[in-house]
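Engineer: this one's sequence-less:
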């Protein structure tokens with residue numbers, strides 16, 4: 001009797017659990033249906049569909065290409081992980097290491113360069129900050145490659161900087177071009193606005209009255225920076241760091257134009273796989289790994305931060 005009773009109770013519990021799941025599914029469907037009937041959702045539908053087709057579609061296609069045999073173009077063939085195995089066994093880790101290292105160095109240098117400039121633009125320059133903003137924005141209307149070739153003319157042997165240094169100071173700077181510092185210079189130059197403007201936005205969120213109150217209460221300059229300015233400006237600083245890191249991680253022109261062949265970044269390998277080698281599956285596998293590594297690193301950093309506290313929510 002006890003066994004039959006236990007089975008009957010188990011059957012009733014499973015039936016109740018099934019009813020609860022169906023009620024939850026119906027309530028969820030009701031909420032989704034009511035949300036879709038709202039005017040905002042109807043208006044957002046076409047752009048969301050366009051984003052899904054234009055953003056997620058290519059990513060899914062790249063992921064699918066990464067799982068087909070090397071140097072093939074047929075998605076209907078057999079699936080394989082050979083491309084990922086080739087990447088692990090070959091020396092592609094060097095390109096990944098260079099890319100992550102140069103991106104990190106770029107972020108650190110831009111933090112040191114942009115914070116004083118952003119502080120001056122928001123608290124010191126006044127109306128002159130508009131002119132400085134215009135001067136920083138105008139180069140963005142010129143192709144990145146053209147701007148980098150301008151640096152080639154400046155750094156090449158006998159160019160502007162080596163020629164001036166040799167003529168005026170007798171210093172030989174003929175080896176500036178095609179070096180790692182030249183690549184870093186290009187990265188810092190190209191991505192400076194992407195760090196500066198979010199930082200300006202973050203520092204503009206620090207009220208002058210709050211700074212004055214902290215000074216009146218006896219706060220030192222370091223305490224003012226640590227306790228008032230940095231916490232309030234941190235959202236803009238964080239956005240600038242993440243944006244700069246991701247852009248520098250996938251950079252291509254800087255290493256090719258200013259570095260020559262001294263450094264091969266992962267974007268170079270991806271381009272070579274898709275073009276010269278005509279190995280789309282390997283290029284796709286490299287792209288997927290870069291996306292996963294960059295996304296994993298970003299989420300790992302964000303998971304260590306209290307975003308609610310940083311963004312002022314609760």
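Structural biologist: Arrived safely. These numbers come from a predicted model, not from an experiment.
Engineer: and the strand or helix carrying residue 42, average pLDDT?
Structural biologist: Assessed by DSSP states H and E, residue 42 sits inside helix 39-51. Helix 39-51 carries an average pLDDT of 75.
Engineer: what do you get for stretch 287-305?
Structural biologist: On average, stretch 287-305 scores 85.
Engineer: That one: which residues count as buried?
Structural biologist: Using 16 or more other Cβ atoms under 10 Å as the test for burial, stretch 287-305 gives 287-290, 294, 297. C-beta here means a position set from N, CA and C on the backbone, and glycine is covered the same way.
Engineer: same thing with stretch 137-156?
Structural biologist: Here stretch 137-156 shows 144, 147-148, 151, 154-156 as buried, counting by 16+ other Cβ under 10 Å.
Engineer: Just send those residues back as JSON lines, with pLDDT and distance to residue 215 too.
Structural biologist: Formatted as JSON lines, these follow (pLDDT from 0 to 100; distance: Cβ to Cβ, whole Å):
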{"residue": "144", "pLDDT": "88", "distance to residue 215": "42"}
{"residue": "147", "pLDDT": "90", "distance to residue 215": "41"}
{"residue": "148", "pLDDT": "91", "distance to residue 215": "44"}
{"residue": "151", "pLDDT": "88", "distance to residue 215": "42"}
{"residue": "154", "pLDDT": "87", "distance to residue 215": "43"}
{"residue": "155", "pLDDT": "87", "distance to residue 215": "44"}
{"residue": "156", "pLDDT": "85", "distance to residue 215": "50"}
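Engineer: ok, for the most centrally placed residue in the chain, nearest residue in space, not its chain neighbours?
Structural biologist: Nearest to the geometric centre of the chain sits residue 246, at 2.5 Å (Cα atoms, centre = their mean). Spatial nearest neighbour of residue 246, chain neighbours left out: residue 294 (6.1 Å); criterion: Cβ to Cβ, 6 or more residues apart in numbering.
Engineer: element containing that neighbour?
Structural biologist: Residue 294 belongs to helix 280-303, assigned by DSSP H and E.
Engineer: what's that helix packed up against?
Structural biologist: Helix 280-303 makes packing contacts with helix 57-65, helix 82-89, helix 92-123, helix 230-249, helix 266-274 when contacts are defined by 3 or more Cβ pairs under 8 Å, 6 or more residues apart in numbering; DSSP states H and E.
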